[in-house]
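> Got a predicted model here, sequence first, then my questions.
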Amino acid sequence: MIDINPDIEFKKEVKRLSNSSLNECIQCGNCSVVCTLAPDDSPFPRKEMIWAGWGMKERLIVNTDIWLCHQCGDCSTHCPRGVKPADVFSAIRQICYRHYARPKFLNTILSKPIWLPVAILIPVIVILSIIFMAGTLQIPEGTVSYSKFFPHAWLNGSFSIIVFTIYGFAISGLIKFWNDLKAHYHDTQPKKGFFRSFLSTINEILLHSKFSSCSAQKSRKTSHLLVFYGFILLLIVTCFAIVATLTHNYPLKFTNPVKIMGNIAGLMLLTGLGIMIINRLFNKKKYGNSNYSDWLLIISFFLLVISGGLVELARFMNWYYAYHLYFFHLVCVWFVVFYLPYAKFGHMLYRTIAIGFAKAIDRQ
């Protein structure tokens, strides 16, 4: 027997984020039939659609099937009522990682456009405060050298402290999610080791292998791979740059292999983001609804890459406005990195845990 405790606010939020009319679902089962990723035993998304219509939040946010879905859109394409199950699943995942966000206010300021000025203002104030304490809150004279404006020791030290603090809170949310999964599936004994299951999950994510099973959105795999690996490469380049500042081998020359890798990563990101933007703007019927969270991630990544390229060019060309561009780029970097666990990109962390857990209990 299933206890039904409707959460009306949850249902309203799902409808808002997905732009889907949940009450029009007639439980025909087409969505589950066409889905190539759904398990044969109790497949999704049919059952989740009725749970969403009933407002069963506590059941849905600890449901592994929500994360087995890769939002390829096959179910939405074949829905006779246009209810868009793929977008509903995306909305539930978004509510899930917001539910486990620590601290909550970071989730709040990223949830709606009205809070965007606050989300931007926080990194602006933090960066200005650190530069002020470093005693360099002025435009340096002479050849462009960003370390004169924001000394490397202050930049690397403050950035590292804040990142470790924020991601420490984020990990506590992931631990809570893991414990809730175990509590929800307490009567299901693991059939595989969790470590082995997570290794398999990471390999699956690195290859984006499940995207190949989808037929409605073929270009999603390409765009996701470009953005995913472009971002990872940029993180590697950033870590190398931090080490280089400690060994006094910074800034890097334009012909430096790491600098070249960073530029290639930027082009990968721009290409992947470009494909996403075109699909979302001009092929909405196939690629589904794009809500505020989707666009916030795409635009913030886009501004990060564009500003990074301009900052690099400004240093080599010795532009007068180089430091203004550098400050804008710093805000973009800190915005993306600090808010990553709470933005759309953060769902990757929850997806890894949920799929790893599902593999362990043989739910695939």
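Received, thanks.

> check which helix or strand covers Ile4.
In the assignment (DSSP states H and E), Ile4 maps to no helix and no strand.

> Test my guess that it contacts Gly53.
No: with contact defined as CB atoms under 8 Å, Ile4 does not reach Gly53; the gap is 11.1 Å. No exception for glycine: its C-beta is placed from N, CA and C like everyone else's.

> now the residue lying farthest from the centre of the chain: how far from Met268?
Distance from the C-alpha centroid of the chain, by CA atoms, centre = their mean, peaks at Gly142 (39.8 Å). Note on Gly142: its distance to Met268, by CB to CB, to the nearest Å, is 35 Å.

> which regions of this protein lie under the pLDDT threshold?
Low-confidence segments of the chain, defined by pLDDT under 70: 1-3, 212-218, 285-287.

> Okay, domains of it per the record?
Using automatic domain parsing, the domain parsing of the chain gives 8-99, 105-360.

> The first one spans what distance, first to last residue?
Right, the one you point to is domain 8-99. 16 Å (CA to CA, to the nearest Å).

> re the thing from before, just want to know which of Ile4 and Gly53 has more residues nearby.
Remark: of Ile4 and Gly53, Gly53 carries more neighbours, 20 against 10, as counted by other CB atoms under 10 Å.

> What is the burial count for the nearest residue to that one once chain neighbours are set aside?
Excluding the flanking residues, the one nearest Gly53 by CB to CB, 6 or more residues apart in numbering is Leu22, at 4.4 Å. By other CB under 10 Å, 20 other residues sit near Leu22.

> so Leu22 makes contact with Pro45?
No: in this structure, Leu22 is not within contact of Pro45 by CB under 8 Å, at 11.9 Å.

> got any residues that touch both of these two?
Val88 (CB atoms under 8 Å, 6 or more residues apart in numbering).

> what's next to stretch 77-85, contact-wise?
Against stretch 77-85 from outside (CB under 8 Å, 6+ apart): 18-22, 24-26, 28, 30-31, 33-34, 45, 48-49, 75-76, 216, 286, 288-289.

> PyMOL command for the buried members of these?
Here is the PyMOL command that selects only those of these that count as buried (16 or more other CB atoms under 10 Å):
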select buried, resi 18+20+22+25+30+31+34+45+48+49+75+76+216+288+289
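
> Now do the SS call for the residue lying closest to Ala38 once chain neighbours are set aside.
Leaving out its chain neighbours, the residue that sits closest to Ala38 by CB to CB, 6+ apart is Phe44, at 5.0 Å. What DSSP: H, G, I helix; E, B strand; the rest coil gives for Phe44 is coil.

> Next up, phi/psi of Phe44, please.
For Phe44, the backbone dihedrals (degrees, to the nearest 10) come out as phi -100, psi 170.

> dump the residue contacts of it.
32, 35, 38, 65-66, 68-69, 89.

> Pick out the most distant pair among the residues you listed.
Greatest spatial distance in these: Ser32 and Ile66, 14.0 Å, computed using CB to CB.

> Looking at the two, which one has more neighbours?
Ile66 (22 against 19).

> Could you give the backbone dihedrals for the residue nearest to that one when sequence neighbours are not counted?
Closest residue to Ile66 apart from its sequence neighbours, by CB to CB, 6+ apart: Ile92 at 5.4 Å. Torsion angles at Ile92 (phi, psi; degrees, to the nearest 10) stand at phi -70, psi -40.

> Now do Ile92 against Thr238, distance only.
33 Å.

> Run a quick check on Lys57 versus Ile95, I expect a contact.
Yes: counting by CB under 8 Å, Lys57 does reach Ile95; the two are 7.5 Å apart.

> Need the residues touching each of those two.
With CB under 8 Å, 6+ apart as the test, Lys57 and Ile95 both reach Phe10.
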